[in-house]
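attaching a predicted model along with its sequence, questions to come.
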Amino acid sequence: MIIMGSIYILNPYFLYSQQSRDEYKPFNGSGRFTLQVYATYVSAAELQNNIKSSISYLRDASIELKGGYGYGAELTYNPNISNFDVMFYVSSEYLKVKDDELLLRFENDSATNVVRFTEEYNMIPLEAGLKWNLPVSTERFRIFIGGGAGIYFGNRTRSVGQFTTSPISRKAGLSMNVLAGLEYFIERNLSLDFEFKFREASFESQDRFDVNYITINGNIYNMDNPVYSRLLIDGTRLSAGIKYHF
């Protein structure tokens with residue numbers, strides 16, 4: 001009986017000590033901020049080459065460009081609003097793509113030539129908005145949706161043979177965006193983040209070649225100077241990153 005009484009007395013203490021050592025800690029901790037670094041992929045882009053033209057079909061014509069890879073960072077803030085698991089975010093990224101598989105047609109009164117040319121562009125967006133964790137989320141696995149707006153800065157360069165455009169002016173573009181993604185915690189304050197974002201990021205540029213004429217196979221052709229264009233990076237943006245909660 002004495003032994004049994006000792007076990008009875010000690011057993012609650014043992015359980016209490018064990019619970020203290022193994023105290024439950026949620027995966028997202030208690031911090032309100034997250035900092036994420038991520039890699040991005042943009043599926044496609046479009047160059048509207050003569051946006052100032054008075055001829056409608058030239059003004060609306062476009063060149064399909066390749067997408068490419070980039071990288072970025074995002075900061076979020078959770079105000080812990082009761083019953084609303086929402087976060088405010090600000091983000092920026094850098095995307096640079098070179099497409100050297102394009103063809104340009106030159107014509108004059110007596111001849112026509114098609115030559116290969118290169119378009120190189122980069123973009124730096126500044127975006128802000130809201131994200132909301134859906135109620136189906138768990139402590140370790142979350143699904144979220146959201147949206148916001150951004151301002152998009154960029155640059156582009158065209159090269160035809162040895163001739164390359166020089167920038168005259170740039171005009172940033174504005175766009176709304178919507179997003180969806182999922183997050184998986186690998187440690188208490190560390191998670192993996194995967195996101196789809198849909199937007200029509202764009203900017204306008206005015207460029208010129210240093211020459212007004214080009215000679216191809218003995219024929220002389222006019223160079224378009226200056227060139228007023230709009231670069232539309234309208235492909236789906238995919239990102240994968242690692243996020244720290246604090």
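Done, it's in.

E204 and V178, how far apart?
Using C-beta to C-beta, to the nearest Å, E204 is found at 24 Å from V178. Bear in mind the C-beta positions are built from the backbone N, C-alpha and C, glycine included.

what does E74 give?
Following C-beta to C-beta, the distance that separates E74 from V178 is 16 Å.

so these two - more neighbours on which side?
A count of neighbours by other C-beta atoms under 10 Å puts E74 above the other of E74 and V178, at 21 against 13.

confirm that that one lies within a helix, as I assumed.
No. Read with DSSP: H, G, I helix; E, B strand; the rest coil, E74 is strand and lies in no helix.

tell me which helix or strand the residue nearest to it when sequence neighbours are not counted sits in.
With C-beta to C-beta, 6 or more residues apart in numbering as the criterion, E74 has its nearest non-adjacent residue at 3.8 Å, and that residue is S91. Using DSSP states H and E, S91 sits within strand 86-107.

export that strand to CSV, keeping only CA atoms.
Extracted C-alpha coordinates of strand 86-107, given in CSV (Å, rounded to 0.1, in the frame of the first residue of the first chain):
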residue,chain,number,x,y,z
VAL,A,86,-5.1,38.2,-43.0
MET,A,87,-1.7,39.5,-43.7
PHE,A,88,-0.4,42.7,-45.4
TYR,A,89,2.5,42.2,-47.7
VAL,A,90,5.1,44.2,-49.6
SER,A,91,7.4,42.6,-52.1
SER,A,92,9.9,43.3,-54.9
GLU,A,93,11.8,41.1,-57.4
TYR,A,94,14.2,41.2,-60.2
LEU,A,95,13.6,39.6,-63.6
LYS,A,96,16.0,39.6,-66.5
VAL,A,97,15.4,37.8,-69.8
LYS,A,98,17.3,37.7,-73.1
ASP,A,99,15.5,36.4,-76.3
ASP,A,100,17.8,36.0,-79.3
GLU,A,101,15.6,33.9,-81.5
LEU,A,102,13.5,36.7,-83.0
LEU,A,103,13.2,37.7,-86.7
LEU,A,104,12.9,41.3,-88.0
ARG,A,105,11.8,42.1,-91.6
PHE,A,106,13.3,45.0,-93.5
GLU,A,107,11.8,46.3,-96.7
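
sheet-wise, list the partners of that strand with their directions.
Strand pairing for strand 86-107, determined by DSSP bridges: strand 62-77 (antiparallel), strand 112-133 (antiparallel).

can you list the ones you listed in CSV and add mean pLDDT?
Below are the strands paired with strand 86-107 laid out as CSV (pLDDT from 0 to 100):
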stretch, mean pLDDT
strand 62-77, 93
strand 112-133, 93
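
let me have those strands in JSON lines, adding distance to N219 as columns.
Formatted as JSON lines, the strands paired with strand 86-107 follow (distance: least, C-beta to C-beta, whole Å):
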{"stretch": "strand 62-77", "distance to N219": "23"}
{"stretch": "strand 112-133", "distance to N219": "7"}
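
of all these, which one is nearest E200?
Of all those, strand 112-133 sits nearest to E200, with 11.5 Å by C-beta to C-beta.

many thanks, I have nothing further to ask.
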